[in-house]
Every structure is written in structure tokens, then in C-alpha cells.
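**Student:** the sequence and its predicted three-dimensional model are supplied below.
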Amino acid sequence: ARIPGLSRDVTPRDIRSVGVIGGGLMGTGITLALLNADLPVIMVELREEALAKAGETIRKTIQRDVDKGRIDQAKADARIAAFTPATSLDALADIDLVIEAVFEDMGVKQQVFTALDAITRPDAILASNTSTLDVDAIAALTKDPSRVVGLHFFSPANIMRLLEVVRGRETAPDVLATAMAFGKRVGKVGVVSGVCDGFIGNRMFEEYLRQTWFMLEEGALPQQIDGALERWGMAMGPCRTMDLAGQDIGWAIRKRRAVEQPDRPYSGVIDRICELGRFGQKTGKGIYAYPDGRTAEPD
Ligand code: NAI
């Protein structure tokens, strides 16, 4: 398929080895997605404990595919053997592509990208999974910003198919083409996004939620909002979606927005729900109640 603004003559590079930095929620999911596509992965995580936990999740998830009859034991063993845990970025000296998934903090990203600049091969592609930081600012941390691109996965990264490929101001055409081809190779559907706050999915979703909270404040019942949107074609309405994702995630984003954009009108009704510790399914109550842990009931 054609990539917007890219000549057909650009040939994607072959990616044979990948390094993932950060063994948290996203790093673990991304690593699984790559192992499942039969790519070898070196995971670099600073905390031994987090590294061990990531390794355990990865092994268990792959083993579950054997139990479900999706793959045989030999395949599972090969995928598990293709996973190499490490605690130092030095392990990434000879890797084709690095995907950074450390804390969402510019200071931490800065440390990582400055180190990668010195450690990796000059032709290695450096990708960030950042959700909210400026990819151009991350690229500017390196000597050669043309090899930096955003690869924004969605959680759970081993399941969700959307991959936003974020094209920075300086991203080289063949780096962009490689990122798109790589996405396809690991079973994702890549969509090129420009650098903007929230990229495509989260930028739209934040506004969609903002209107949801206004409607609640105006007196709409969550069942009305979810009922309408679900019949309109959304897989899950916004109230149920955020109860599932965790209301605390949205709360953290709103707190940041209140500082960044103090004049932007928004409804505090959802903050009152969060102040009660009602974070959704995981706490038994959110906008709805979950008496059996899963089924949403009006509360
Ligand atoms: P997390 O907090 O679960 O994991 C981050 C991990 O990075 C931690 O285990 C931490 O020990 C490790 N780490 C920190 N500094 C490090 C360093 N210098 N070297 C190696 N490891 C280091 O965070 P999560 O949720 O996995 O997010 C990671 C990135 O992915 C962030 O940039 C976030 O914005 C982005 N993202 C998150 C999504 C989500 O749903 N949570 C969705 C898409 C992107």
C-alpha cells in the first residue's frame, strides 16, 4: 500500500533483531507481539524485579497458546528461547531496531536516547512508544534525528492491531517505510500520524470522553450514552470503556491538562467519581458497579 507523502521507490530495510527498552506493561506486550512474529528480542529493563516479572508473563502467555492449541510446544520453546533479558543498554550494540517503552518522562527518555546514540549501530532505527511526548523533541536528543520514529502501540500490545507510526520532522523516508513494513510483519495495521498531541486515536478519544462527562453532568445516564454509542457502532460505549481501562488513567491525564490548558472547559463530574476511589472494574465500582467482577450494573 502507498504511504502518504512517500515515493514508491523507497525500499524498507530488513529488520532481523529488535531491542525493547522497559519491561513494564507496554514493553512486555510489545515483546510478546514480536516474539509471536518469530523475531528475536532483547529486553532491557533496569529493575531486576520488573525484568523477572516481564519474563514470567512472557513465558506464561506463550505457554497458554500451547494449552489453547494455537501453537505446538516446539514453537513455544523457540519463541521463549528468542527472548533475551538484559539490564544494560550495552546489550543493544548490534540491533536493527530499538523500541523504547520506559516511563513517560522526558528526563528518563533523554537519558535513554543519549545513551542509545552512543551504543547502537549508526544505521539502527530508534523508535519511541511515547503516547504524549513530542517525537521531534525526542529525536533532537540524538545526533541523527533521521533515524528516529514513533511506534505507538495500544494496550494490550500483543492483541491490539493498531500501530500509529509517528513521522517526525526529520524521519528519513526509508525509516518510515521500514517502520510500516515492520508493523505489517508483526501483524499490526500501521497508520502514519504526524507529530501532534495525542496523535490520531488518543486525540480523538480525549475529546469524545470530554463530551461524555459533559453529558453525565447534564443529567444523562451512563446507560443512555453507552447504549446510543454501542448501537451506533462503537464496540463499547465510553463509560464502560473507561471503567474497563481504569478511571485513574483518565484522571491522571485530566490533572495534567488542567495545568497545561487551564482555560479549557471540562466537567469535573468524573473527578468526583475518581475521588471516591471508583476506578472501574478493578476496584469493583466505577461509573457502574461490578458485583461479580465483570458485569456492569447501574449503581
Ligand atoms: P510502565 O511504568 O508499566 O513501564 C515502564 C518500565 O520502564 C518500568 O518497568 C521501568 O522500570 C522501566 N524503565 C524506566 N527507566 C528505564 C531505563 N532507563 N532503562 C530501562 N528500563 C527503564 O509504563 P508503560 O505503561 O509500559 O508505558 C511505557 C511507555 O509506553 C510510556 O512512554 C507510555 O506513555 C507509553 N504507552 C503506554 C500505554 C499504556 O496503555 N499504558 C499505551 C501506549 C503507549
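**Tutor:** It's in.
**Student:** how many residues are close by residue 159?
**Tutor:** Residue 159 is flanked by 10 other residues according to other CB atoms under 10 Å. For glycine as for every other residue, the C-beta is placed from the backbone atoms N, C-alpha and C.
**Student:** list the contacts of the nearest residue to it once chain neighbours are set aside.
**Tutor:** Leaving aside its sequence neighbours, residue 159 sits nearest to residue 29 (CB to CB, 6 or more residues apart in numbering; 7.9 Å). If you count contacts by CB atoms under 8 Å, 6 or more residues apart in numbering, residue 29 has them with 153, 155-159.
**Student:** for residue 29, helix, strand, or coil?
**Tutor:** helix (DSSP: H, G, I helix; E, B strand; the rest coil).
**Student:** returning to that earlier point: quick one: which of the contacts of residue 29 is nearest the ligand?
**Tutor:** Distance to the ligand, by CB to the nearest ligand atom, is smallest for residue 155 among these, at 3.6 Å.
**Student:** the closest one touches residue 24, doesn't it?
**Tutor:** No - using CB atoms under 8 Å, residue 155 is not in contact with residue 24, being 10.5 Å away.
**Student:** got any ranges where the chain has weak pLDDT?
**Tutor:** 1 (pLDDT under 70).
**Student:** need the residues of it near the ligand, please.
**Tutor:** Taking CB under 6 Å from any ligand atom as the measure of proximity, the chain contacts the ligand at 21-27, 44-47, 50, 101-104, 108, 111-112, 129-131, 152-155.
**Student:** please repeat the previous calculation with a cut-off of 8 Å.
**Tutor:** Residues of the chain found near the ligand, taking CB under 8 Å from any ligand atom as the criterion, are 21-29, 44-47, 50, 54, 89, 100-104, 108-109, 111-112, 128-133, 152-155, 157, 245, 249.
**Student:** put the buried members of these into a PyMOL selection.
**Tutor:** Here the buried members of the residues of the chain next to the ligand are turned into a PyMOL selection, burial being counted by 16 or more other CB atoms under 10 Å:
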select buried, resi 21+22+23+26+27+28+29+44+45+50+54+89+100+101+102+109+112+128+129+130+131+133+152+153+154+157+245
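**Student:** looking at the residues of the chain next to the ligand, which are in strands?
**Tutor:** 21, 44, 100, 128, 152-153 (DSSP state E).
**Student:** farthest-separated two in the residues you listed?
**Tutor:** 44 and 152 (19.6 Å; CB to CB).
**Student:** ok, back up a step: and of the ones in strands among the residues of the chain next to the ligand, the nearest to residue 38?
**Tutor:** Closest approach between those and residue 38, by CB to CB: residue 153, at 18.1 Å.
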